[in-house]
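A.B. asks: have a look at this prediction, sequence included:
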Amino acid sequence: MTTTLADVLPSLGYAAPPRFHPAVWPLTTHSDEEGRLCIGDVPLTDIADEFRTPTYVIDEADFRYRARRYRTALRDAEIVYAGKSLLTVAVARWAREEGLAVDVCSAGELAIALVAGVEPGRIVMHGNAKSHDELRAAVRVGVGRVVLDSCIEIAYLAGLADRPQRVLIRVTPDIDIHGHRAVTTGTTDQKFGFTLDGPQTADAVARVLAQPNLRLIGLHCHIGSQVTDPAHYGEAIRRMIAVMADIRARHGVILTELNIGGGHGIPYLAGGPELDIDELAHVIDDALDVACAVERFPRPLIVVEPGRAISARAGVTLYQVCSVKSRPGGPTFVAVDGGMSDNPRVSLYGAKYTVALANRHSLGERRRVTVVGRHCEAGDEIARNVELPADVHPGDLLAVACTGAYHHSMASNYNMVGRPPLIAVADGRARELVRRETVADLLSRDRG
Ligand code: LLP
């Protein structure tokens, strides 16, 4: 029998949960002797002093660690970082330096990846409605792969390519991961890709193969977001290999690449489910073994496109408390200086977040509150019914965990509020990656 620390110190079993649970807070999170929340060895109070609030903070070490974990867990696969989750020049550079390729889905994201020095051959171009101009930009810089999503794109790209352009065709494998529309993208009844239930996919394949300058190298599918059961990816692989075998039978072409998309689930609250990427590696391997044996098909290169699983936990949002309102028997509202303009995910998806007091540690009583934003809308909430110290008051700083993905990238100017800056922290230093948007920035677009 092995003796664990909990056997020797039974009180461990009853220990209070950590103040900053490692499942949701960045890798380098700790509390200093003054009780201040620190990330990358920088107290967040210093960030608030220098850059004001609201501010996105990103832990470079956490981002790099997640990227590296993918490379070691999925050794035989190519890892493509989904830039839509969070992309700035520095972030694209981190991905590149960690050996990841980058997926972009607009001319803007493409430009950022290029400025960051991502080799064009390691860029994957996505989008269900790419414009002719975007496709032209992709061809001009020589992006490695374009994922085709519609017939018109095939025609545009064939006309634009003046040398062989490697392409994949996006297919919907009809896998319903949660029965939830907003996050399920691999089913037949939505806008992405070509379906398998009719002639659409076969027709797209024939069209691409007929174009001398389009080189069809593989298929792509993306089954949705926040997938926590790796078996769904196994099922996707089995279905997609069958399609690849069918393409071989019809056209005598062997596709060598299978991109199974991203959507790897992460917890936003401690104890929430998460996709285990070591398990995913096994599932991929087993599914390939079985499907390739059944179809006598050579193993394709597997490509995965995680975004959130690399960028979400690296980020926190820092807010200042503006007001606290309560009435007997009613809810307590803690209003902060940001809201749905920097975090639209609560009103869009009903997302739940972990919130902590960042400027001090309070050992006193705690109470349940709803953290609300500053926008003119009742649904402008950050977190409902969360526990905070009862003495939380205007001027306090709150940090919200797991805001690295789809926050900076989805921020808006609602109520003409400037978007927050993005500050990277590492080894005791804070570096401004994106500056705050000012009223002058906003006015500069308004032609009067
Ligand atoms: N590949 C493709 C083709 C995708 O469409 C997406 C996400 C990804 C990869 C990366 O998915 P991830 O690993 O980050 O889950 N705004 C929503 C998420 C939309 C995801 C769209 N596509 C949210 O805030 O939850």
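C.D. replies: Happy to help now that I have it. Everything numeric here is computed off the predicted structure, so don't read it as measured data. Numbers count the residues shown, from 1 in each chain.
A.B. asks: for the ligand, what are the nearby residues on the stretch 51-200 of the chain?
C.D. replies: Ala82, Lys84, Ser85, Asp103, His126 (CB under 6 Å from any ligand atom). Where you see a C-beta, it was placed from the backbone N, CA and C, and this is true even at glycine.
A.B. asks: if we use 5 Å, what do you get?
C.D. replies: With CB under 5 Å from any ligand atom as the criterion, the stretch 51-200 of the chain comes near the ligand at residues Ala82, Ser85.
A.B. asks: would you map the helices across this structure?
C.D. replies: Taking DSSP state H, the helices of the chain run over residues 5-8, 44-51, 60-73, 89-97, 107-115, 132-141, 151-160, 200-209, 231-251, 277-295, 308-311, 345-349, 439-445.
A.B. asks: and for the residue of the stretch 101-250 of the chain found nearest the ligand, nearest residue in space, chain neighbours not counted?
C.D. replies: Closest residue of the stretch 101-250 of the chain to the ligand, CB to the nearest ligand atom: His222 (3.8 Å). Leaving aside its chain neighbours, His222 sits nearest to Gly261 (2.9 Å; criterion: CB to CB, 6 or more residues apart in numbering).
A.B. asks: shouldn't that neighbour be in contact with Ile223?
C.D. replies: Yes. Using CB atoms under 8 Å as the test, Gly261 is close enough to Ile223 to be in contact (6.3 Å).
A.B. asks: elements contacting the strand of greatest length in the chain?
C.D. replies: Looking across the chain with DSSP state E, the single longest strand is strand 315-325. For strand 315-325, the packing partners by 3 or more CB pairs under 8 Å, 6 or more residues apart in numbering; DSSP states H and E come out as helix 44-51, strand 55-59, strand 333-336, strand 397-401.
A.B. asks: the residue of the stretch 101-250 of the chain closest to the ligand touches Phe192, doesn't it?
C.D. replies: Yes. Between His222 and Phe192 there is a contact at 7.1 Å, judged by CB under 8 Å.
A.B. asks: these two: which is more packed in?
C.D. replies: Set His222 next to Phe192 and count neighbours by other CB atoms under 10 Å: His222 wins out with 25 against 20.
A.B. asks: can you read off the backbone torsions of that one?
C.D. replies: His222 has phi and psi values of phi -140, psi 120 when expressed as degrees, to the nearest 10.
A.B. asks: then the longest strand of the chain to PDB, C-alphas only?
C.D. replies: Taking Å, rounded to 0.1, in the frame of the first residue of the first chain, the C-alpha atoms of strand 315-325 are listed here in PDB:
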ATOM      1  CA  GLY A 315      -5.900  35.500 -19.500                       C
ATOM      2  CA  VAL A 316      -7.600  37.300 -16.700                       C
ATOM      3  CA  THR A 317      -9.600  40.600 -16.900                       C
ATOM      4  CA  LEU A 318      -9.000  43.200 -14.200                       C
ATOM      5  CA  TYR A 319     -11.800  45.500 -13.300                       C
ATOM      6  CA  GLN A 320     -12.200  48.200 -10.700                       C
ATOM      7  CA  VAL A 321     -15.400  48.100  -8.500                       C
ATOM      8  CA  CYS A 322     -17.400  51.300  -9.200                       C
ATOM      9  CA  SER A 323     -20.400  50.700  -6.900                       C
ATOM     10  CA  VAL A 324     -22.000  48.200  -4.600                       C
ATOM     11  CA  LYS A 325     -25.800  48.200  -4.300                       C
END
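A.B. asks: tell me the buried residues in that strand?
C.D. replies: Gly315, Val316, Thr317, Leu318, Tyr319, Gln320, Val321, Cys322, Val324 (16 or more other CB atoms under 10 Å).
A.B. asks: picking up where we left off before, between Gly261 and Ile223, which one's more packed in?
C.D. replies: Taking other CB under 10 Å, Gly261 and Ile223 do not tie; Gly261 has more neighbours (28 against 24).
A.B. asks: Val290 versus that one, what's the distance?
C.D. replies: Separation of Gly261 from Val290 (CB to CB, to the nearest Å): 20 Å.
A.B. asks: same question, Pro230
C.D. replies: Relative to Val290, Pro230 is positioned 15 Å away (CB to CB).
A.B. asks: ok, these two, which is more surrounded?
C.D. replies: Taking neighbours as other CB under 10 Å, Pro230 and Val290 compare with Pro230 leading, 21 against 14.
A.B. asks: follow-up on the earlier one: mean neighbour count and mean pLDDT for the helices and strands packed on strand 315-325 - can I get that in CSV?
C.D. replies: As requested, the helices and strands packed on strand 315-325 are exported to CSV (neighbours: other CB atoms under 10 Å; pLDDT from 0 to 100):
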stretch, mean neighbour count, mean pLDDT
helix 44-51, 18, 98
strand 55-59, 27, 98
strand 333-336, 21, 98
strand 397-401, 26, 98
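A.B. asks: okay then, goodbye and thanks.
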